[in-house]
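*Asks:* dropping a prediction and its sequence here:
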Amino acid sequence: MKKYVVEFIGTFFFVLTIVMTVNGGAGIMAPLAIGCALMIMVYAGGHISGGHYNPAVTLAVFLRGKCPASDVAPYMASQIAGAAVAALVAAIMLSVLTDTAPTPKEISVVPALIAEFLGTFALAYVVLNTATAKGTEGNSFYGLAIGFTVVVCAYAMGGVSGGAFNPAIAVGISVAEMSSWSNIWVLWLADFAGGAAAAYTFLFVNGKE
């Protein structure tokens, strides 16, 4: 249960940062704040739950062999719940600002599929290689690498798809009305596919450790 609580808390503050910075006027600095939020939460909870905060990462870690099957569904449920609650809490705080009402983002399906797949692949690939590989075991940089992968991908591809790279974030930004609910199948399909592809690539490159 402690692991699931940590996944809820980490995802909550990650998504809270996304909604508050994007809708609160952080502008071009928003991706930096978002990546730092993930980095902080990874360092805070990584020793307890692994610090996934992302169902696609949980899938990747499971396929890589470092997450028990019994944890997969509870992890994903905790992450999605944390994202949804964060969006609702952010809405309460943002209600005092009159000029930040979000406009749901519409996306072009094929470019968004590509962007979300590549961003999630990159994120899961970095997680697996910095936080689960024997060659990098015990390092102190994994949180920084993971957080700044999100920064890079958000700046590079966020304008195409909204920059979720995470099925839980897809739910959070939909609840927050930053993305249309009609987009969510695109985000989920690409994100889970990217996580799975990263896991199989990791296994191919690293072999069975």
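*Replies:* Received, thanks.

*Asks:* flag every buried residue along stretch 57-72.
*Replies:* 57-64, 67, 71-72 (16 or more other CB atoms under 10 Å). All C-beta atoms are positioned from the backbone trio N, CA, C, and that covers glycine.

*Asks:* actually stretch 190-205, not the one I wrote
*Replies:* Residues of stretch 190-205 classed as buried by neighbour count (16+ other CB under 10 Å): 190-199, 201-202.

*Asks:* His52 and Thr58 touch, don't they?
*Replies:* Yes: at 4.7 Å, His52 counts as touching Thr58 under the criterion of CB atoms under 8 Å.

*Asks:* tell me, what's touching the two both at once?
*Replies:* 75, 79 (CB atoms under 8 Å, 6 or more residues apart in numbering).

*Asks:* got TSV for the buried residues of stretch 57-72, with secondary structure, pLDDT and distance to Glu177 too?
*Replies:* Converted to TSV, those look like this (DSSP: H, G, I helix; E, B strand; the rest coil; pLDDT from 0 to 100; distance: CB to CB, whole Å):
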residue	secondary structure	pLDDT	distance to Glu177
Val57	helix	98	25
Thr58	helix	98	26
Leu59	helix	98	27
Ala60	helix	98	29
Val61	helix	97	31
Phe62	helix	97	31
Leu63	helix	96	33
Arg64	helix	95	35
Cys67	coil	94	32
Asp71	helix	96	31
Val72	helix	97	29
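
*Asks:* dump these into a markdown table; add distance to Ala122 as well.
*Replies:* Formatted as a markdown table, the buried residues of stretch 57-72 follow (distance: CB to CB, whole Å):
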| residue | distance to Ala122 |
| --- | --- |
| Val57 | 11 |
| Thr58 | 17 |
| Leu59 | 15 |
| Ala60 | 11 |
| Val61 | 15 |
| Phe62 | 19 |
| Leu63 | 16 |
| Arg64 | 16 |
| Cys67 | 19 |
| Asp71 | 24 |
| Val72 | 22 |
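
*Asks:* now Ser140: phi and psi?
*Replies:* With angles defined as degrees, to the nearest 10, Ser140 sits at phi -110, psi 10.

*Asks:* got the confidence number for it?
*Replies:* The model reports Ser140 with a pLDDT of 92.

*Asks:* number of residues surrounding it?
*Replies:* 7 (other CB atoms under 10 Å).

*Asks:* same thing with the one 3 residues further on?
*Replies:* With neighbours defined by other CB under 10 Å, the count for Gly143 comes to 20.

*Asks:* OK, contacts around it?
*Replies:* 39-40, 42-43, 46, 51.

*Asks:* sort those by pLDDT and name the bottom one.
*Replies:* Comparing these by pLDDT, Gly46 comes last, at 92.

*Asks:* closest to the centroid, which residue in this structure?
*Replies:* Geometric centre of the chain, nearest residue: Asn166, 3.9 Å, by CA atoms, centre = their mean.

*Asks:* what residues are up against that one?
*Replies:* By CB under 8 Å, 6+ apart, the neighbours of Asn166 are 53-57, 120, 123, 191.

*Asks:* low-confidence stretches in the chain?
*Replies:* The model of the chain has pLDDT under 70 over residues 97-102, 209.

*Asks:* let's see that with 90 instead.
*Replies:* Applying pLDDT under 90 to the chain flags the ranges 1, 23-27, 94-107, 135, 137-138, 207-209.
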